[in-house]
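Undergrad: All I have is the shape, not the residue letters:
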């Protein structure tokens, strides 16, 4: 497509063709390597500062989070710049670590007609090189203060430190991502759920005793994105996970967090996973068995290099829920006194029950107990819980995801584990 559009523009008399992209670096570099007629690629998507030149073409990515941008000046000339970087030059700095990037540089791109496009690039650091607009700065301050008054209150606690930095979330198992995928799987009644690391934002780092606020939860997934339901055979899930983990040990937005599976990734193998490396409920993944899967809209369409999703039909969820909606319902559960009491009973009666055991508890439609508090004294805890209502069992599955309830002022908040569970093992 790049070649096709570039040629069309050249036929219409364009002297300079600039391609704006939002692709993975590998895709940008593939396009840069084509004899496409494009002079300059300005890219995004990856959280990095990157410069690449090849055969008279330039690829430039300018960082992330609007912390830096590039001021690019181009001039056509018969001669190259004396301070031009060499042909096939490259620099790549991941994440927000751009302090080692050149502050300015020049590149001369020799074109087929023998002339040059001389390019001068200045890397502008927003916090250092730009004075804020006073009126907008005041407007911004008022908006942030209003948000913090309503959403800056504690919402969820962790029992230890927690990092949401992209350098961690995009290549390692993460306790908050585990919670999110567990909630997805429970909410949509699927066997497996996936969440791409690139869809999780915020970059917060919590110390023990700190709480995520409702504002943090909003920032965690700011797109208000919905979900899709799929039926996928085990062999397709294997293909999907190999696509996801092919970028390891580097970090990438396609890194998949999941619930319902355990995987063992051998970084020395290519591909890094076989069916024997993936477990579902303690058993190897079955290649032909169909698994009910939930995933965010974006990746369910095969985006971010997760092409294995493309070929399967997608069903909408019953309600158009976002990740924030699911999280908000979870964190507000302890605000109900009856649910707090039921949670306490559950933790005492079922200290080590598994989600699989809870899902397999029979529900007696004739005499359902709507709550653990409705059960008469003297009942044996596990063997006599045949009369629990479906709604009660679902609440118990929800309670299982929390470790405790802590009071913060007038509010009661769930606390959850900060340790990972070994869902993603790298060897």
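TA: Perfect, I can see it now. What you are looking at is a predicted structure, and each value in this text was computed from that prediction instead of being measured. Numbers count the residues shown, from 1 in each chain.

Undergrad: residues of stretch 163-175 that come out buried?
TA: Residues 163, 164, 166, 168, 169, 170, 171, 172, 173, 174, 175 are the ones in stretch 163-175 that count as buried (16 or more other CB atoms under 10 Å). To be clear about C-beta, it is placed using only N, CA and C from the backbone, and glycine gets the same treatment.

Undergrad: Contacts made by that stretch with the rest, please.
TA: Stretch 163-175 is contacted by residues 47, 94-95, 158, 162, 176-177, 197-198, 200, 202-206, 220, 248-253, 255, 257, 416-424 when judged by CB atoms under 8 Å, 6 or more residues apart in numbering.

Undergrad: can you do 7 Å?
TA: Contacts to stretch 163-175, defined as CB atoms under 7 Å, 6 or more residues apart in numbering, come from residues 47, 95, 162, 176-177, 197, 200, 202-205, 248-253, 255, 257, 417-420, 423-424.

Undergrad: Pull the distance from the helix or strand of the chain with the lowest mean pLDDT to the chain's centre.
TA: When each helix and strand of the chain is scored by mean pLDDT, DSSP states H and E, strand 90-94 comes last, with a mean of 73. What separates the centre of strand 90-94 from the centre of its chain is 22 Å, taken as CA atoms, centre = their mean, to the nearest Å.

Undergrad: Now do that strand: which elements does it pack against?
TA: With contacts taken as 3 or more CB pairs under 7 Å, 6 or more residues apart in numbering; DSSP states H and E, strand 90-94 sits against strand 48-54.

Undergrad: Adjacent strands (with direction) for the strand it packs on?
TA: Paired neighbours of strand 48-54 in the sheet (DSSP bridges): strand 57-62 (antiparallel), strand 90-94 (antiparallel).

Undergrad: which residue ranges form the helices in this structure?
TA: Assigned by DSSP state H, the helices in the chain fall at 2-11, 25-32, 126-129, 134-151, 166-169, 175-188, 214-220, 234-245, 297-300, 323-331, 337-349, 355-359, 390-399.

Undergrad: tell me which residues of the fourth one are tucked away?
TA: Within helix 134-151, no residue counts as buried by 16+ other CB under 10 Å.

Undergrad: And that helix, how far out from the chain middle?
TA: Its chain's C-alpha centre and that of helix 134-151 lie 27 Å apart, by CA atoms, centre = their mean.

Undergrad: avg pLDDT for that helix?
TA: Average pLDDT, helix 134-151: 92.

Undergrad: How about residues contacting that helix?
TA: For helix 134-151, the surrounding residues in contact (CB under 7 Å, 6+ apart) are 213, 214, 215, 218.

Undergrad: 6 Å - rerun?
TA: Where contact means CB atoms under 6 Å, 6 or more residues apart in numbering, the residues beyond helix 134-151 that reach it are 214, 215.

Undergrad: Now do the least confident helix or strand of the chain and helix 25-32, the angle between them.
TA: Calculated by axes from the mean of the first three to the mean of the last three CA atoms, to 10 degrees, strand 90-94 forms an angle of 160 degrees with helix 25-32.

Undergrad: can you list the weak-confidence ranges in the stretch 301-427 of the chain?
TA: 363-367, 377-386 (pLDDT under 70).
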